[in-house]
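Q: how would this look folded up:
(one chain, ligands or ions: 1)
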Amino acid sequence: MGTFITIEGIEGSGKSTLIRGLAAVLESWGHEVVCTREPGATEIGRALRSILLKAVDPAPGTLTEVFLFAADRAQHVAEVIRPALAAGKVVLCDRYTDSTLAYQGGGRGVDRGLLETMNELATSGLKPERVLLLDLDPETGLRRARNRCEQEGTGESWTRFEAEELAFHQRLRDCFLALAASEPGRFQIIDATRSPEELVASAMDGILALLDVSRP
Ligand code: TYD
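A: Numbers count the residues shown, from 1 in each chain. I've put the predicted structure just below:
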């Protein structure tokens, strides 16, 4: 069985940079690594992703949003994550069930029990061994996300979620921090204002114990 690690955080918290850095270190140590993300890691997921993130009018209802993220996740777990873990690989997943609890729960106000049931159904109980939570104040995060969009030059990359008001993003952060406080053994909170090298080093310290090999 491989090792399942998820990376969570608000917009602009640097999840992709951390994942790239971690994958490079783990591969140099001889691990087989699968980097994946939600939503949109499968063919079906890519279709769902475009519905979920684009500004469509009228926007999907909150419950529709919950079902679409769950559908994406069910396909992702079955098609990508479980097979990779069964093959002994390290899976680094950009967002997973805790994003649903933070965005649809903390952000949109959907009942926590309902979301936990949906997460359980979609994943058939598969939980990450470690959640790396990149923590950052939402103003800084949104500024970073906005700069990234402008650099990429595609108006489309500004998603429905990024366009939400600051208070929404503050609720996401509070919810992520509360989740981390409720499961301190599984979450590692990482200060996202640190340099990419420091983020990778601190995450590696935390996940070393999960891996079969030690630091070479
Ligand atoms: P993405 O561009 O992948 O964002 P990021 O680069 O910040 O990961 O867009 C994914 C968006 O979907 C992000 O705003 C968070 C949101 N989301 C949810 O609302 N619920 C979920 O369960 C997941 C997985 C993502």
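
Q: nearest residue to the most centrally placed residue in the chain in space, please, no chain neighbours.
A: In the chain, the centroid-proximal residue (Cα atoms, centre = their mean) is residue 95; its distance is 1.4 Å. Spatially, and ignoring its direct neighbours in sequence, residue 95 is nearest to residue 38 (4.6 Å; Cβ to Cβ, 6 or more residues apart in numbering). Where you see a C-beta, it was placed from the backbone N, CA and C, and this is true even at glycine.

Q: do the same with residue 135
A: residue 189 (5.3 Å).

Q: list the contacts of that neighbour.
A: Applying Cβ atoms under 8 Å, 6 or more residues apart in numbering, we find residue 189 in contact with 133, 135, 177, 180.

Q: which helices and strands does the lowest-mean-pLDDT helix or strand in the chain pack with?
A: Lowest by mean pLDDT, DSSP states H and E among the helices and strands of the chain is helix 138-152, with a mean of 87. The contact analysis (3 or more Cβ pairs under 8 Å, 6 or more residues apart in numbering; DSSP states H and E) places helix 138-152 against helix 166-182.

Q: so for the helix or strand just after the helix it packs on, mean pLDDT?
A: Counting by DSSP states H and E, the next helix or strand C-terminal to helix 166-182 is strand 187-191. Confidence for strand 187-191, expressed as mean pLDDT, is 97.
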